[in-house]
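Sharing a sequence plus its predicted fold:
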Amino acid sequence: MADVINKRYEIKKQLGEGGMGKTYLALDQKSGKQVVVKLLCLKSVNEWKAVELFEREARTLKNINHPFIPDYLDYFTRNKNGDTEYYLVQEYIEGDNLAGQVKDGRRFTEEQVFEIAEKLLSILAYLQALRPPVVHRDINPKNIIVDHKNEVYLVDFGAARGAITGAGSDGTTVVGTYGYMPMEQLMGRASPASDLYALGMTLIYLLSHTEPQDFPLKNMKIMYKKFVSVSLRYLSFLDRLVEPDTAKRLPDAKSALSLLARLKRGAALDSGGYSAVIDLHNLLPPFKSKIRFQCADEMCTVTIPAKIIKSLPLGIFSVFWFSFIALWTMLVFQIPGVFSVFFGLFSIPFWLVGFFLIGKTINGFSTASVKLTPESVHIKRGVLRPTVTIPLDQVQKIGIKEVRTNPQARNTGLGQSVSYGIELEAGAKTILIDKFLTHNEAQWVAQVAEKYKELYS
């Protein structure tokens, strides 16, 4: 290969090589600027489709004008030693692609990742606003470059479709990078929402340093949440990007960009005809309830205060019970002979019942809590009860249960006194949090736990 191509482009070094040919850094002797020269040799390709994709990239870039998509500069062919060579010349962006940065060990913060997301969505919104819309079809960390100013560029439009040809003209062609392509693209039916899926997988890769094919699958969904550390509102956003069902996925970049902006402002989410994204930070306990709710990053805690007034009758009964048993025991030990021992032993079960009642009273006078983390649920039902820890993915059912009833009131039908608790089922284990809750309070706690599980399971 000559050092100067087309009497203008002086080759400096090779940047890369792949199935679509070679890429070089060159000096444009006419402008004095560095450029990227892409070369495809006809003899090196196995099928004509590679040439079609190369030519399509040139035509697509020629019709695109965006500050963060490298400019189209030139396209030409030449014959050399009986081979046809195709050349595409583009603006050179000095920077590293995201795949290289991850490989070098860079750890992205949540803010950095979603700043990249916002910039890429702005590029995609421009592409999707063209007529016909352009679907990139190969968004992945290798095709995203970040320069020294932290500006984000989208490159490699060889797989792009729609700016020149009709959207259905090559619908059976599968192009893209496995792991980043959604199912509909694998079936040859890429749409603007397909690029959103690829973007979502790219963001997850930046957060986790894990390739898409290494994530477990459940019901065709990528189970990525245990691999990333990110706040709940952004997990919700990622869920909407990588949803396998296109009917539930965000439809286009404009919608995703609007949603991301609202997330950054902390607004409640419900817009554009698609489901609201769950944001636990905005869930408030029922009116006048003394339940406290805190959500910081990935951990949420529901604290149920003591119900002293409702526990007071049991406390009074416990005191009465102990007084009666103590008096009984004192009288028994005044009986001469073996009868005192016999009646003393007879009183032991009643003492045990008394201690049980006192324990229930003390627990009623203390707070309970449910702490939710991405790995597990930690349940504390009172000061005398040990904390119960259940893996979050093993929680099968979260519901409410009636735990306190005044039978006399129920029979008369007047002023029925009913309290509720929260019941969690995990395998053969059932945990009941019986803290004299109202129906609305119990329902709210169950809703929080269900929504958290939905986000992290």
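It's in. Residues are numbered from 1 along each chain as shown.

C-alpha from now on. contacts and neighbour counts both.
Will do.

Would you list the phi and psi of the closest residue to residue 305 other than its chain neighbours?
Of all residues not flanking residue 305 in the chain, residue 367 sits nearest, at 4.6 Å (C-alpha to C-alpha, 6 or more residues apart in numbering). Per-residue torsions, residue 367: phi -80, psi 160 (degrees, to the nearest 10).

same thing with the one 3 residues further on?
Torsion angles at residue 370 (phi, psi; degrees, to the nearest 10) stand at phi -130, psi 110.

Next: residue 101.
Dihedral angles for residue 101 - degrees, to the nearest 10 - are phi -70, psi -40.

Distance of it relative to residue 22?
Residue 101 sits 21 Å away from residue 22, going by C-alpha to C-alpha, to the nearest Å.

How about residue 421?
Residue 421 is 66 Å from residue 22, by C-alpha to C-alpha.

which of those two has more neighbours?
Neighbours per residue (other C-alpha atoms under 10 Å) separate residue 421 from residue 22, with residue 421 holding more: 23 against 16.

so after the worst-scoring helix or strand of the chain on mean pLDDT, what's the next helix or strand?
Least confident element among the helices and strands of the chain, by mean pLDDT, DSSP states H and E: helix 407-412 (a mean of 44). Once the chain leaves helix 407-412, the next helix or strand it forms, by DSSP states H and E, is strand 418-426.

contacting residues around that next one?
390, 394-406, 430-439, 442, 445-446 (C-alpha atoms under 8 Å, 6 or more residues apart in numbering).

The same query, at a cut-off of 6 Å, please.
394-405, 430-434, 436-438 (C-alpha atoms under 6 Å, 6 or more residues apart in numbering).

mind listing what residue 96 touches?
Residues counted as contacts of residue 96 (C-alpha under 6 Å, 6+ apart) are 145-146.

Can you get me the start-to-end distance on stretch 41-56?
Terminal-residue distance, stretch 41-56 (C-alpha to C-alpha): 16 Å.

typed the wrong thing, it's stretch 377-396
Across its full length, stretch 377-396 reaches 12 Å between end residues, using C-alpha to C-alpha.

Also stretch 41-54?
Terminal-residue distance, stretch 41-54 (C-alpha to C-alpha): 11 Å.

Can you get me a residue count around residue 187?
Residue 187, neighbours per other C-alpha under 10 Å, totals 12.

confidence score at residue 435?
With respect to pLDDT, residue 435 has a value of 69.

CA atoms only for the strand or helix carrying residue 454 - export them in PDB, please.
Assigned by DSSP H and E, residue 454 belongs to helix 439-456. C-alpha atoms of helix 439-456 as PDB (Å, rounded to 0.1, in the frame of the first residue of the first chain):
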ATOM      1  CA  HIS A 439     -55.300  -2.200  56.300                       C
ATOM      2  CA  ASN A 440     -53.900   0.800  54.400                       C
ATOM      3  CA  GLU A 441     -50.600   0.600  56.200                       C
ATOM      4  CA  ALA A 442     -50.200  -3.100  55.700                       C
ATOM      5  CA  GLN A 443     -51.100  -2.700  52.000                       C
ATOM      6  CA  TRP A 444     -48.500   0.100  51.600                       C
ATOM      7  CA  VAL A 445     -45.700  -1.900  53.200                       C
ATOM      8  CA  ALA A 446     -46.500  -4.900  51.000                       C
ATOM      9  CA  GLN A 447     -46.500  -2.600  48.000                       C
ATOM     10  CA  VAL A 448     -43.100  -1.200  48.800                       C
ATOM     11  CA  ALA A 449     -41.600  -4.700  49.200                       C
ATOM     12  CA  GLU A 450     -43.200  -5.900  46.000                       C
ATOM     13  CA  LYS A 451     -42.000  -3.000  44.000                       C
ATOM     14  CA  TYR A 452     -38.500  -3.300  45.400                       C
ATOM     15  CA  LYS A 453     -38.500  -7.000  44.500                       C
ATOM     16  CA  GLU A 454     -39.700  -6.200  41.000                       C
ATOM     17  CA  LEU A 455     -36.700  -3.800  40.600                       C
ATOM     18  CA  TYR A 456     -34.000  -6.100  41.900                       C
END
